[in-house]
Every structure is written in structure tokens, then in C-alpha cells.
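[1] Got a predicted structure here, sequence first:
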Amino acid sequence: MAAVTMRLPAARAPLDSSALRGGEKHLVAPGDTITTDTGYMRGHGTYVEDDKLIASVAGVVERVNKLVCVRALKARYNGEIGDIVVGRITEVQQKRWKVETNSRLDSVLLLSSINLPGGELRRKSAEDELAMRDYLQEGDLISAEVQSIFSDGAVSLHTRSLKYGKLAQGVLVQVSPSLVKRQKTHFHDLPCGASVILGNNGFIWIYPTPEQKDDEAGGYTANLEPVPLSDREVISRLRNCIMALVAHKIMLFDTSILYCYEASLPHQIKDILKPEVTEEIVLEARQRLLDSEG
């Protein structure tokens, strides 16, 4: 007969994550009055009624000089030029691919915005257009960079660097884009033996660290060799650690993920998402982050 694990409910003190979000923030709900000062300009997430500036979404009030806006705590991804994203090909069209990137509209990857296999740079021909499915087809996961934003808000992507392209074997984790910290680089080879791509769009890709970079492939050949059990265990642990950090609304970046991973090592992978274990390892990781910042 299989053993059953039972847990009694216990009161847990809520985590104060304000220290990891840059100090105290002014949180508002829809309908809350932000200010009655008529000297402020209305930004995103606000509207004016009876000379009051009122929030239209739940989120954090941000002020830039006289401009006031509300950044929603939970929202679809709004692309910015230079963002690193992870996406899934949803459709192959004429001279372009449609890509799901967790935004309001599908993103676009133009045939002219990719490197051909081997990193070759030249004008794309009709033969290249016929061979588009040989490069990327529906269901493929890719990493890319935001090149531009269309007038309707849709994002245009490019993969003109060998570090971008098709993703092979790994695990995709979907989180809120607001929890991914903006950094100079979003590609991290962690010392635990796995690598992560922290997409600004909230899609995180965890995969075995490659032994050598295959520049000849140009980012369009997927390595389908079996992944060793030890690598799969590291990836699974990292995935559960990310979900633990997300549960406590702690920003995701290489250091916070690594500290949480190290704090989880005394526990089995399947136990990390138990509430009492999650709280223990997140508190330890949070304390290490505060110590390192101090």
C-alpha cells in the first residue's frame, strides 16, 4: 500500500520581499486615488476623474518627473528593444515565422532577420523561403532578441547572433514577466552544471550546459542525445527552486536562483514544493541575498 504524506495546516508569517524589490513601493488597486495634484501628467494604468489621478490597474506607482504611471503586477509581456526572449513557433508564413512570446499579440521573426546555418550572411533567396521549415517549424522553441516594436505593439525579433536560435533539450518554465530581473546578460551557465535563459517575457529555459559551443550549426540543429540522469536531476531541482521563488514573489536572476538551489540541496527534489520546505529554502536564499547586498 502506498504511503500517504499528510500535513496539518500551520500559520506562516508572510515573506517581506520589499527589500528585494528596491525598498518600499506605493501599491495601488483599481479605483485608488494616486494623487489630487493637477500638476502631474497621466501615464499608463491611470485615468483622471474629478481632478483626481486614479489607478485603472493593480500595481506599483512609478513616477518619472511629472509623469505618473502604474506598472501592473501581473500583465502580459510588453516588449522593449534589446530584450532577450524565449518563444515558441506557432506558424510559418511567407518570409516570416509567428512566435508566441507571452505578449498580447504574436511576435514576428522575419526570414531576413536570421542567420543561415553556419552563420552565413547574404540576401535570402526564393530557395531559402522554400526551406524555411528546415530551419524552424511549428512547435520549435527559440531564443531571440527584440529588434523593433510595430505600431500595434507586436514585437519583431531577430536571431542574428550564434547565441540565439533553436533550443534543443531542456525544461520551459513560465512565470510572470515582472519577476524576471533586467540584467546585462540573460544567458547564465550556473556552477551546478546546468544553464538558464531568463527571457524578459517570463519564459525561462533550463538546459544542460553544453560541453562545447557548436558554431557550425548556426543555431538551427538540435542536439537530441539522451540527457544523463544527473543532469536531469539538476534541471528538475532548478525548476522547482524557480517555482519556489515565484511563489514568494522574489525576483529571478542568476544569484537568487543559485542561492535557492544551494539551500535546497539537503532536501529531495520532490519535497522542494512542499509549503514548509519552500518557505525554509526561500528564507535562507533571501537572507543570503540581503547579506550580499549589505
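    Thanks, I have the structure now.

[2] what about residue 223, how many neighbours?
    If you count neighbours by other C-beta atoms under 10 Å, residue 223 ends up with 12. Yep, even glycine has a C-beta here, placed from its N, CA and C like the rest.

[3] wait, doesn't residue 253 sit right on residue 200?
    No: taking contacts as C-beta atoms under 8 Å, residue 253 lies outside contact range of residue 200: 11.7 Å.

[4] what do the two both touch?
    Shared contacts of residue 253 and residue 200, defined by C-beta atoms under 8 Å, 6 or more residues apart in numbering, are found at residue 180.

[5] More neighbours: those two, which one.
    A side-by-side neighbour count of residue 253 and residue 200, using other C-beta under 10 Å, places residue 200 first with 24 against 19.

[6] Chain neighbours aside, what residue packs nearest to the more buried one?
    The shortest distance from residue 200 to any residue other than its chain neighbours is 4.0 Å, reached at residue 83 (C-beta to C-beta, 6 or more residues apart in numbering).

[7] And the pLDDT at the one you found?
    pLDDT, residue 83: 93.

[8] check contacts around it.
    Residue 83 neighbours (C-beta under 8 Å, 6+ apart): 145, 146, 200, 201.

[9] just checking, which of the residues you listed belong to helices?
    Applying DSSP state H to the contacts of residue 83, no entry is found in helices.

[10] Most neighbours among those residues, please name it.
    The most crowded member of the contacts of residue 83, judged by other C-beta under 10 Å, is residue 201 (26 neighbours).

[11] how many other residues sit next to the nearest residue to that residue once chain neighbours are set aside?
    Spatial nearest neighbour of residue 201, excluding adjacent residues (C-beta to C-beta, 6+ apart): residue 77 at 4.0 Å. By other C-beta under 10 Å, 24 other residues sit near residue 77.

[12] all helices of the chain, in order?
    Going by DSSP H, the chain shows helices at 126-130, 132-135, 229-247, 254-264, 275-293.

[13] Max pairwise distance over the contacts of residue 83: which two?
    145 and 201 (11.5 Å; C-beta to C-beta).

[14] what's the overlap in contacts for those two?
    By C-beta under 8 Å, 6+ apart, the residues touching both residue 145 and residue 201 are 83, 85.

[15] Quick check: pLDDT value at residue 186.
    Per-residue confidence (pLDDT) for residue 186: 93.

[16] wait, it sits on residue 200?
    Yes: Residue 186 lies in contact with residue 200 (C-beta under 8 Å); the separation is 6.9 Å.

[17] what do these two both touch?
    The contact sets of residue 186 and residue 200 overlap at 84, 180 (C-beta under 8 Å, 6+ apart).

[18] Cool, thanks, signing off.
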